[in-house]
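[1] Just need the structure, nothing else, for what follows:
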Amino acid sequence: MCGRYALMATREEVLNFLGVVDFEDDFPARFNIAPTQPILVVMASDKREPGSNLPPRRAFLARWGLIPGWVKDPKEFPLLFNARAETAAGKASFKAAMRHRRILVPASGFYEWRRPPKESGVNPQAYWVRPKQGGVIAFAGLMETWASADGSEVDTAAILTSAATAAFRPIHERMPVVIQPQDFERWLDCKTQEPRDVADLMRPVQEDFFEAVPVSDLVNKVANMGPDVQKPVAVAIPEEKPPKPGPDIRQMSLF
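    Numbers count the residues shown, from 1 in each chain. The predicted model follows:
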């Protein structure tokens, strides 16, 4: 799952990493991006920039929360900010986007929460999950343009997730799919690359790609948008409860 992420790189760093020649708007560092907010995405384009040898790509803003074109009233439709990579190609909400509108979502990292069992009495612990090597990464995403009855349109997007790596699984069982730079062109090519042709790209990253830093619960609130949400904290060790009275402790039991 990926319900919050951050993008703190400069405009030039992001566009260079994604191979986009230009993007009209500037954008500030964003430390706590949440669903329904506008996010930067990159898609293949039919228009090649003059004098550029790069594959034609365009960057634009989309609402984080995909709305399929057949939806009549978004207020009555669930918020689809993630899509499971294993099943997206066959789901009614995502299969058209998987075939025709695959995108890249630049990020500096994402947040996840380790949620102990309710009966443990331990609060969820937030983690800032970032690439060990730093820099910008690209999540795999899907895009749909939804048109309302009055003719207005809004671009919407979802981030694909896969099963988590073994190293990340103690925090959460899902994580975003990361597309490596050498695979950008193949992932974005929806003309010749069908979903089955890019299925191998929708896999967990290598075990040592990310590092998880425990952070405070400031990130829980969308209103907290500054760098303090990424300040590391010490993880409290829950107190051990005294054992319940049981059978004679002088005799071992397998039950």
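
[2] Check what pLDDT the closest residue to residue 101 other than its chain neighbours gets.
    Counting by CB to CB, 6 or more residues apart in numbering, residue 101 lies nearest to residue 143, which is 4.4 Å off, once chain neighbours are set aside. C-betas here are computed from N, CA, C, even on glycine. Here, the pLDDT recorded for residue 143 equals 98.

[3] same thing with residue 61?
    95.

[4] A strand includes it, no?
    Yes. Checked against DSSP: H, G, I helix; E, B strand; the rest coil, residue 61 lies within a strand.

[5] Kindly state the beta-bridge partners for the residue nearest to it when sequence neighbours are not counted.
    Once flanking residues are discounted, residue 61 sits nearest to residue 38: 4.4 Å by CB to CB, 6+ apart. Beta-bridge pairing for residue 38 (DSSP bridges): residue 63.

[6] now residue 42
    What pairs with residue 42, by the bridge criterion (DSSP bridges), is residue 59, residue 104.

[7] likewise residue 155?
    According to DSSP bridges, beta-bridge pairing links residue 155 with residue 145.

[8] so it sits right up against residue 142, yeah?
    No. Between residue 155 and residue 142 there is no contact under CB atoms under 8 Å: 11.4 Å.

[9] rewinding a little: report how many residues lie close to the residue nearest to residue 61.
    16 (other CB atoms under 10 Å).

[10] mind listing what it touches?
    Counting by CB atoms under 8 Å, 6 or more residues apart in numbering, residue 38 touches 61-64.

[11] need the residues you listed in CSV with distance to residue 165 and neighbour count, can you?
    Listed next are the contacts of residue 38 as CSV, based on distance: CB to CB, whole Å; neighbours: other CB atoms under 10 Å:
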residue, distance to residue 165, neighbour count
61, 30, 15
62, 28, 22
63, 29, 19
64, 24, 26
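
[12] Identify the farthest-apart pair in the residues you listed.
    Spatial extent of the contacts of residue 38 (CB to CB) is set by the pair 61 and 64 at 9.9 Å.

[13] Can you pull the residues that touch both of the two?
    With CB under 8 Å, 6+ apart, residue 61 and residue 64 have common neighbours 38-39.

[14] same for the one helix or strand in the chain whose mean pLDDT sits lowest, what does it pack against?
    For the chain, using mean pLDDT, DSSP states H and E, the weakest element among its helices and strands is helix 11-18, scoring a mean of 93. For helix 11-18, the packing partners by 3 or more CB pairs under 8 Å, 6 or more residues apart in numbering; DSSP states H and E come out as strand 57-64, strand 102-107.

[15] Buried residues, it. List them.
    Neighbour-count burial for helix 11-18, counted by 16 or more other CB atoms under 10 Å, picks out 14-15, 17-18.

[16] do the same with stretch 181-193
    So for stretch 181-193, counting by 16+ other CB under 10 Å, buried means 183-184, 187-188, 190, 193.

[17] How far away from the center of its chain is it?
    Averaging C-alpha positions (CA atoms, centre = their mean, to the nearest Å) puts stretch 181-193 19 Å from its chain's average.

[18] For this structure, which segments count as helices?
    Counting by DSSP state H, the chain has helices at residues 11-18, 95-100, 184-188.

[19] Low-confidence stretches in the stretch 51-200 of the chain?
    51-54 (pLDDT under 70).

[20] I'd like the average pLDDT over stretch 35-49.
    89.

[21] Okay, buried residues for it please.
    Buried residues in stretch 35-49 (16+ other CB under 10 Å): 35, 38-45.
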